[in-house]
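**Q** Sequence and predicted model, in that order:
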Amino acid sequence: MKKNGSILVAGKKAPNFSLNSTPDQKVSLTDFRGQPVILAFYPADWSPVCTDQLSLYAEVMPEFKKHNAELLAISVDNIWSHLAFSKDRKLNFPVLADFEPKGTVSRKYGAFKEKIGEAARALFVIDDKGVIRWSHLSPDGVNPGADGILLALENLNRNQPVVQG
Amino acid sequence: MAATKTVPRRTTGKTRLETVEEEPETTRLVVPVDPGGDHIQGPLAASLTLVEYGDYQCPYCGAAYPEVKKIQKQLGSKLRFVFRNFPLSRIHEHALNAAETAEAANAQGKFWDMHDFLYEHQDTLGDPGVALGFAKKLGLDIQKFQHDLSQHTHQSRIKEDFNGGVRSGVNGTPTFYVNGLRHEGAATARELVKALEAPK
């Protein structure tokens, strides 16, 4: 069963995007060319605190930074929800609103659940040249943790991929 | 449900990356239990091992605390229980200080007394006087205890626990490992005992 065949896989060029991180600021993927980027698509703001994926990533940020990596979190919530959520959880990375037209960027990465209208819990590690080097789709309700991301970041320098289409 | 994962594959001298499907992943404890450094209750040679990554301020860890006590009572000498620090300090402002408090007690041989006290007094974590009073009651060298706290003597050990947990796939608190595998079920005595006693 090719259940998770939909998300973009390693070796693909990461589609560019430009999304709001605050009401008057946009963040583009190409802003970070030259350094690794972690994209964390997630279903919704305000999941329970102690098992919240993004709160964990805020704690692990120093480890991501050792690889000079930037983390961008993306959901379809609007920017005001993101701002309140980010403040409450003391997040230390941009949280982007894939709000209008809803889910456009999530769809480009194959990480949009059409029936529910939310992003899937999908992770991408993109290298300094804008190529996806690792992707992972978690089952609904499962927090993937940070171990896969750290392993992918460590592997960036070890394995140079053959770029596909 | 299957998950996708990227693995490097050697083809004609070039390494290619691809995303593959896998059976549901079993997440393993990558930092083995260390009798010299870990906080362990129960016989070192016990046949069953339960490892908890916990945060003293986390309400779910507070709820799991009496469950662990039940498990220990039920399994007795068949079980060794290991506690490792996983303070989510950005969302729990007192979690790191509480972990340091338990480690400062550990430096004087009283880890488990302080560990239990902190979980039994979660609502007082913001008041350092409460743990200090207990440290006095335990007969600790208070000057050394306070020095360890003010100098953050044990922060590096806590950080080490935390990073090891991240590498083992800890994704929230509490996270339990049953005989080396992450426990995906409920953090209740019933579910954990069932997992612990399942045929290996």
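**A** Received the coordinates, thanks. Numbers count the residues shown, from 1 in each chain, chains lettered A, B, ... in the order given.
**Q** Look up which helix or strand the closest residue to B:Gln108 other than its chain neighbours falls in, please.
**A** Spatially, and ignoring its direct neighbours in sequence, B:Gln108 is nearest to B:Leu140 (5.0 Å; C-beta to C-beta, 6 or more residues apart in numbering or on different chains). To be clear about C-beta, it is placed using only N, CA and C from the backbone, and glycine gets the same treatment. Using DSSP states H and E, B:Leu140 sits within no helix or strand.
**Q** likewise B:Arg90?
**A** With elements delineated by DSSP H and E, B:Arg90 resides in a region that no helix or strand encompasses.
**Q** Please report how far it lies from B:Asp127.
**A** When C-beta to C-beta, to the nearest Å is the yardstick, B:Arg90 and B:Asp127 sit 21 Å from each other.
**Q** Next: B:Thr153.
**A** Where B:Asp127 is concerned, B:Thr153 sits at a distance of 21 Å (C-beta to C-beta).
**Q** now swap in B:His39 and tell me
**A** The gap separating B:His39 from B:Asp127 is 24 Å, by C-beta to C-beta.
**Q** Could you do A:Arg89 as well?
**A** Applying C-beta to C-beta, the value for A:Arg89 to B:Asp127 is 24 Å.
**Q** And those two? Which one has more around it.
**A** Ranked by neighbour count (other C-beta atoms under 10 Å in any protein chain shown), A:Arg89 and B:Asp127 place A:Arg89 first, with 20 against 12.
**Q** host element of the closest residue to the more buried one other than its chain neighbours?
**A** Nearest in space to A:Arg89, with sequence neighbours left out and distances taken as C-beta to C-beta, 6+ apart, is A:Ser55 at 5.0 Å. With elements taken from DSSP H and E, the one containing A:Ser55 is helix A:53-65.
**Q** Let me see the residues that make contact with that helix.
**A** Residues lying outside helix A:53-65 but in contact with it, judged by C-beta atoms under 8 Å, 6 or more residues apart in numbering or on different chains, are A:38, A:40, A:42, A:47, A:49, A:71, A:73, A:89-93, A:95, A:121, A:143-146, A:149-150, A:153, B:88-91, B:162-163, B:166, B:171-172.
**Q** And the buried ones among the residues you listed, selectable in ChimeraX?
**A** Command for ChimeraX, covering only those of these found buried under the criterion 16 or more other C-beta atoms under 10 Å in any protein chain shown:
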select /A:38,40,42,49,71,73,89,91,93,95,121,143,144,145,146,149,150,153 /B:88,89,90,91,162,163,166,171,172
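**Q** Just the ones in strands from the contacts of helix A:53-65, please.
**A** Using DSSP state E to define strands, the subset of those located there is A:38, A:40, A:71, A:73, A:95.
**Q** Output those residues as a markdown table; include the columns pLDDT and distance to chain B.
**A** Conversion of the ones in strands among the contacts of helix A:53-65 to a markdown table gives the following (pLDDT from 0 to 100; distance: C-beta to the nearest C-beta, whole Å):
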| residue | pLDDT | distance to chain B |
| --- | --- | --- |
| A:Ile38 | 98 | 14 |
| A:Ala40 | 98 | 13 |
| A:Leu71 | 98 | 14 |
| A:Ala73 | 98 | 14 |
| A:Val95 | 98 | 14 |
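**Q** For A:Gln25, state which of these is nearest.
**A** Relative to A:Gln25, the closest of the ones in strands among the contacts of helix A:53-65 is A:Val95; by C-beta to C-beta it sits at 11.8 Å.
**Q** Could you give the bridge partners of the closest one?
**A** For A:Val95, the residues forming beta bridges with it (DSSP bridges) are A:Ala73.
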